[in-house]
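Engineer: Fold the following and give me the result.
(chains A and B)
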Amino acid sequence: MAKHGVLGGFELLVLLALIRLGDDAYGVLISNEIEASSGRSVSIGSIYVTLARLERKRLVSSTLGEPTAERGGRAKSYFRPTAKGLREARLARRTLMRLWQGVPQLGGEVT
Amino acid sequence: MRHSEPPRVSTWLLERLAPRYRRESLVGDLREQVHRGRSVWWYRRQVVGTILVGLGADLAAHKLLPVRALALGWSAMYLVYQFIEPLIQQTRMTLFRRWGSALWGESEVLRQLWVYYGLPFILLTCLIFMAIGWMVARLHRRHLPGIVVLLSATLLIPATFQALETRRLLETELWPGWGWGSFRWALVFHALVSIVAYPLCVLIGGVGNVRTDHGNELHGDSGTALDES
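Structural biologist: Numbering: from 1, shown residues only, chains lettered A, B, ... in the order given. Sure thing, here's the model as predicted:
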C-alpha cells in the first residue's frame, strides 16, 4: 500500500498525463503527452515501468483491448486513474502549491 | 528511410528482455509506431532504453535476486575454470602431442588454429558459457529476465583485465625479433574472444531460454499481470 504523498516526480507526470488523456490512455499516447508538455523525450519502456509501479500502488488500473494486425496481433493496454490515484494527484498539487507559495525565487505565487 | 516492419533482432530481444509487466502491449505499441512512420533507429533506441530501464527497475525491486544470480553464475564459472578448463587444456595438449600432425596434416593454417588459437576449445568454452547463461536465466526467468544482461556484463570485468594484460604483452619484446606474427595475433584474438564472444554466449544462452508472452497476456486482469512484473 502506498502512503499519502509518496508520488515520485516521473510518477506524477505519468499520472497527470493519463488523467488528461481520459479513457483512451495507453503507452504511446502517455509518452506523447509528456513529451508535448515537458519537451523532454521519454522512452515508452520507462512509461510502462512507471505504470507498473503506479498499479502496484493501486493508483492506476489497466484493461486490455482487442489485438490488431498493425500491432502484430498484440492487444493495447488502456490505463486509467483509480479514485485513490485522483486523490493522490490532488494531494500532490496541494503540497506543491504550499511549497511554492512565499518563495520569491520561484515567483511566489501559483496560478 | 521508412520501414513498415520493425527489425527482427531488436523485436526478438524486446520480447525476451523487456519488463514483464504488460510486455505484449509494450511490444505492440512500438510496432504500431513503426507502422505509423517512426524510423527503425527510433525503434532500436526504444528497445535499448526499455531493456535498460527494465533492468534498473528489476534491480531496484529485487535487490537480493541479482546478487543470487551473479553468485550462481560466477560459482558455475569458477567451477568450470577450476575443474573443466584444466581438462580441456590437458585434452588439447594430449591431442597435440599424439595426433597433432594427423589432425592438421600439412596445413599451417589448421596447425595455428589449433595451437595458437585453440579454436575447437574456444567453441567448447562458448557452449559452456551458453549453458551457464541458460541455467541462470532458467532459475530467474519469472522475476528477472534481464538478469542475464547483468551477468553477461560482469564478464567484461575480467575481460578488461585480460585486454590490459594482452596490451602489456604486445608492448613487450618477448624474444628477439618478436614481430607481428601469428602468436601476437592469437593474443589479440583471445582478448577479443573474452570481451565479445564469452559475454555474448552467456547472453545468447540466457535470452534463448527466456519465454515470451505472445498471446498469453491476461485479458482484463490487471492484478495478475502485475504480479509477474
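Engineer: which stretches of chain A aren't confidently modelled?
Structural biologist: For chain A, the stretches with pLDDT under 70 are A:1-5, A:108-111.
Engineer: hmm, try it at 90
Structural biologist: Under the criterion of pLDDT under 90, the regions of chain A flagged as low confidence span A:1-9, A:22-24, A:27-28, A:32, A:37-43, A:64-76, A:94-111.
Engineer: and the lengthiest helix in it, C-alpha only, in PDB?
Structural biologist: Selection of the longest helix in chain A by residue count, based on DSSP state H, yields helix A:83-100. Taking only C-alpha atoms (Å, rounded to 0.1, in the frame of the first residue of the first chain), the coordinates of helix A:83-100 have been written out as PDB:
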ATOM      1  CA  ALA A  83     -10.100   7.100  -7.200                       C
ATOM      2  CA  LYS A  84      -7.100   6.800  -5.000                       C
ATOM      3  CA  GLY A  85      -4.900   7.900  -7.900                       C
ATOM      4  CA  LEU A  86      -7.000  11.100  -8.400                       C
ATOM      5  CA  ARG A  87      -6.800  11.800  -4.600                       C
ATOM      6  CA  GLU A  88      -3.000  11.400  -4.700                       C
ATOM      7  CA  ALA A  89      -2.800  13.800  -7.700                       C
ATOM      8  CA  ARG A  90      -4.800  16.400  -5.900                       C
ATOM      9  CA  LEU A  91      -2.800  15.900  -2.800                       C
ATOM     10  CA  ALA A  92       0.500  16.300  -4.800                       C
ATOM     11  CA  ARG A  93      -0.900  19.500  -6.300                       C
ATOM     12  CA  ARG A  94      -1.800  21.000  -2.900                       C
ATOM     13  CA  THR A  95       1.600  20.000  -1.400                       C
ATOM     14  CA  LEU A  96       3.500  21.600  -4.400                       C
ATOM     15  CA  MET A  97       1.400  24.700  -4.200                       C
ATOM     16  CA  ARG A  98       2.000  25.100  -0.500                       C
ATOM     17  CA  LEU A  99       5.700  24.700  -1.000                       C
ATOM     18  CA  TRP A 100       5.700  27.100  -3.900                       C
END
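Engineer: got a list of what whichever residue of chain A sits closest to chain B touches?
Structural biologist: Going by C-beta to the nearest C-beta, chain B is nearest to A:Gly45 of chain A, at 2.6 Å. The way it works is simple: take the backbone N, C-alpha and C, and place the C-beta from them, glycine included. Under the criterion of C-beta atoms under 8 Å, 6 or more residues apart in numbering or on different chains, the contact list for A:Gly45 reads B:Ala18, B:Pro19, B:Leu26, B:Gln46, B:Gly49, B:Thr50, B:Ile51, B:Leu52, B:Val53, B:Gly54.
Engineer: Out of those residues, which end up buried?
Structural biologist: Applying a neighbour-count criterion of 16 or more other C-beta atoms under 10 Å in any protein chain shown, the buried members of the contacts of A:Gly45 are B:Ala18, B:Pro19, B:Leu26, B:Gln46, B:Gly49, B:Thr50, B:Ile51, B:Leu52, B:Val53, B:Gly54.
Engineer: hey, where'd the helices end up in chain B?
Structural biologist: Counting by DSSP H, residue ranges of the helices within chain B are B:8-17, B:23-35, B:40-61, B:64-79, B:85-104, B:108-115, B:119-140, B:147-154, B:156-171, B:182-192, B:198-207, B:222-227.
Engineer: Now do the closest residue to B:Ile195 other than its chain neighbours, the pLDDT please.
Structural biologist: Beyond its immediate neighbours in the sequence, the residue positioned closest to B:Ile195 (C-beta to C-beta, 6 or more residues apart in numbering or on different chains) is B:Ala159, lying 4.4 Å away. Predicted confidence (pLDDT) at B:Ala159: the value is 92.
Engineer: Number of residues surrounding B:Ala159?
Structural biologist: 19 (other C-beta atoms under 10 Å in any protein chain shown).
Engineer: Spell out which parts of chain A neighbour chain B.
Structural biologist: Counting by C-beta under 8 Å from any C-beta of the partner chain, the positions of chain A adjacent to chain B are A:26-28, A:43-46, A:48-49, A:51-53, A:55-56, A:61-64, A:67-68, A:70-77.
Engineer: if you look at the residues you listed, which of them are in strands?
Structural biologist: Using DSSP state E, the members of the residues of chain A next to chain B that fall within strands are A:Ser61, A:Ser62, A:Thr63, A:Leu64, A:Ser77.
Engineer: Separate out the buried members of those residues.
Structural biologist: A:Ser61, A:Ser62, A:Leu64, A:Ser77.
Engineer: Would you mind giving those as TSV with distance to B:Gly181 added?
Structural biologist: Output for those, formatted as TSV (distance: C-beta to C-beta, whole Å):
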residue	distance to B:Gly181
A:Ser61	68
A:Ser62	63
A:Leu64	63
A:Ser77	60
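Engineer: on that earlier part again, in PyMOL, select just the buried ones from the residues of chain A next to chain B.
Structural biologist: Here is the PyMOL command that selects the buried residues among those (16+ other C-beta under 10 Å):
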select buried, chain A and resi 26+27+28+43+44+45+46+48+49+51+52+53+55+56+61+62+64+67+71+72+74+75+76+77
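Engineer: rewinding a little: which pair of the buried ones among the ones in strands among the residues of chain A next to chain B spans the longest distance?
Structural biologist: In those, two members sit farther apart than any others by C-beta to C-beta. They are A:Ser61 and A:Leu64, at 11.7 Å.
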